[in-house]
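Enquirer: Please find the sequence and the predicted model below.
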Amino acid sequence: MADNLFLGLPPPSAPPSDKQQQQLHSSSFSNTTTTKESPQKKSPPPPPPPALKSALKRTNPPDSLPPQAPPNGKRLRFKTTTDASEKQVIEAMQKIASHIKNPSKFSKASKLAIQLIQAGSVKPATSDQFFAILESSMSSLTTCNGPSVRADYHALFSAAQDAVEVLTKKQRNQLAAWTIRAVVANDLFTDDSFVFSKASGRIKEAILNLPVATNDDDIEEAAALKDETKMEDVDNQKTVEKISSSTTTSEVNKKEESDPFGLDALIPSALKKDEKSKARKDGTVKMKKEEEEGTKRFLKSQREALILCLDIAARRYKTPWCQTVIDILVKHAFDNISRFTSQQRDAIEKLWASIREQQMRRKQGKSVTGKLDVNGFEWLQEKYANEKISIRHAVGGSGNRRAEQWLG
């Protein structure tokens, strides 16, 4: 008994079978996999990428916040301009027309008129009031070339070209004649040679567009006849109105006597038809006469404006860089002298004769410095008239090769 060392101990257990070992192995493997996957599931999400500098400068909210849709598709807008009614625009134009006659108020009034043009307030309903502004500004044809008002007249009539489509044909013709005085003539006072030459080009185009003058144009030229015709027109209108009023009253009395019950109006007659046809013919004849008179006035005012431009250009003949342009302009007017009236022809002939004399003086006479008083064009013309241009690098025919390096 003493030798039995395992006395009192539990019996030894049986060795585990193969199935039990596989179950233990699978349970241990599942435990390890769960321990490996559990920390991955419980790990916090990765931090977002850092924001760019350009994103920080944006005023829009970040993408994380949902965009708020505007209710019912409406947006909040602020008015930057006030919509004036047609009545207000007409009243404003009438005020401008009353003040624009005054040269001291012309600058402010012209700027207000330009604002109306730029705002699109000049429409067919307001075209007559707008033309009244231009007409009152040109009430005196000599003020538009004044030194203190030239720029304002130039700006007003340049902006008025945007509203030409709204005006009638008669108003367009009048505006074209005023534009020659207010824009083209004022461009001749410039110190820029490009602007001066451009204005002379416009004058030449206007001269070419003129028709050949007739004897009627020569007769209607004098300013005294203008005043007389105006006075006669006023007197004739008064007499016509008196005669028409007297005839209407007499006709009404006769009708009342002959037809006291008004039964003749119900009976058709051939006389009424004849009267209507005569009235239509008279209306068409009057319309034709008015159109002819309108075209005559337009051509007359356009010719006068072009003569004014030639006069202004001749006054600037002392400026050296203007001389060549003025020579070409006056020669062009002299070549097309038949397009002007008799008194205007005399003025153009005198102007061309004086310019030719000054050209001869510049070529023959000498100035204070002792040099020939010629302009740059004439000097180069004389220099290269007898100059021989070589085929080789040399400039002159003398053979000196001083310009060989810079000519290549």
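Expert: Everything's here; your move.
Enquirer: In the stretch 251-400 of the chain, where is pLDDT below threshold?
Expert: Scanning the stretch 251-400 of the chain with the threshold set as pLDDT under 70 gives 251-279, 281, 365-379, 389-400.
Enquirer: in it, which spans are strands?
Expert: All residues of the stretch 251-400 of the chain lie outside strands when identified by DSSP state E, counting those that start in this stretch.
Enquirer: Tell me where it has helices.
Expert: Secondary structure of the stretch 251-400 of the chain by DSSP state H, counting those that start in this stretch: the helices cover 270-315, 323-335, 342-364, 376-383.
Enquirer: Which other helices and strands does the third one contact?
Expert: It refers to helix 342-364. helix 270-315, helix 323-335 (3 or more Cβ pairs under 8 Å, 6 or more residues apart in numbering; DSSP states H and E). Where C-beta positions appear, they are placed from N, C-alpha and C, glycine not excepted.
Enquirer: What are the contacting residues of the last one?
Expert: Residues external to helix 323-335 that are found in contact with it (Cβ atoms under 8 Å, 6 or more residues apart in numbering): 193, 196-197, 200, 203-204, 207, 306, 310, 313-314, 316-317, 340, 348-349, 351-352, 355, 359, 375, 377-378.
Enquirer: With stretch 139-150 instead?
Expert: Contacts for stretch 139-150 (Cβ under 8 Å, 6+ apart): 101, 103, 106-107, 137-138, 153, 181-182, 185-186, 189, 308, 312.
Enquirer: Kindly provide the whole-number mean pLDDT of it.
Expert: In this model, stretch 139-150 carries a mean pLDDT of 90.
Enquirer: Can you measure across that stretch, start residue to end residue?
Expert: 15 Å (Cα to Cα, to the nearest Å).
Enquirer: Redo the helices of the stretch 251-400 of the chain as JSON lines? Include distance to Thr143.
Expert: Listed next are the helices of the stretch 251-400 of the chain as JSON lines, based on distance: least, Cβ to Cβ, whole Å:
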{"stretch": "helix 270-315", "distance to Thr143": "13"}
{"stretch": "helix 323-335", "distance to Thr143": "25"}
{"stretch": "helix 342-364", "distance to Thr143": "22"}
{"stretch": "helix 376-383", "distance to Thr143": "35"}
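Enquirer: ok so, going back, export the helices and strands packed on helix 342-364 as TSV, with columns for mean neighbour count.
Expert: Formatted as TSV, the helices and strands packed on helix 342-364 follow (neighbours: other Cβ atoms under 10 Å):
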stretch	mean neighbour count
helix 270-315	14
helix 323-335	18
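Enquirer: now the ones you listed as TSV including distance to Asp128?
Expert: TSV is the format used below for the helices and strands packed on helix 342-364 (distance: least, Cβ to Cβ, whole Å):
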stretch	distance to Asp128
helix 270-315	16
helix 323-335	36
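Enquirer: wait, which of the ones you listed is closest to Leu116?
Expert: helix 270-315 (25.2 Å; Cβ to Cβ).
Enquirer: what packs against the closest one?
Expert: Partner elements for helix 270-315 (3+ Cβ pairs under 8 Å, 6+ apart): helix 169-179, helix 185-187, helix 193-209, helix 215-219, helix 323-335, helix 342-364.
Enquirer: Just name the most buried of the ones you listed.
Expert: Comparing these by mean neighbour count (mean count of other Cβ atoms under 10 Å), helix 185-187 comes out on top with a mean of 22.
Enquirer: what about Tyr111, distance to Ala151?
Expert: Slight slip there: residue 111 is Lys, not Tyr. Applying Cβ to Cβ, to the nearest Å, the value for Lys111 to Ala151 is 11 Å.
Enquirer: and if you look at Thr142?
Expert: Relative to Ala151, Thr142 is positioned 17 Å away (Cβ to Cβ).
Enquirer: Looking at those two, which one has more neighbours?
Expert: Comparing Thr142 with Ala151 by other Cβ atoms under 10 Å, the one with more neighbours is Ala151, at 12 against 8.
Enquirer: so that one is in which element?
Expert: Assessed by DSSP states H and E, Ala151 sits inside helix 150-159.
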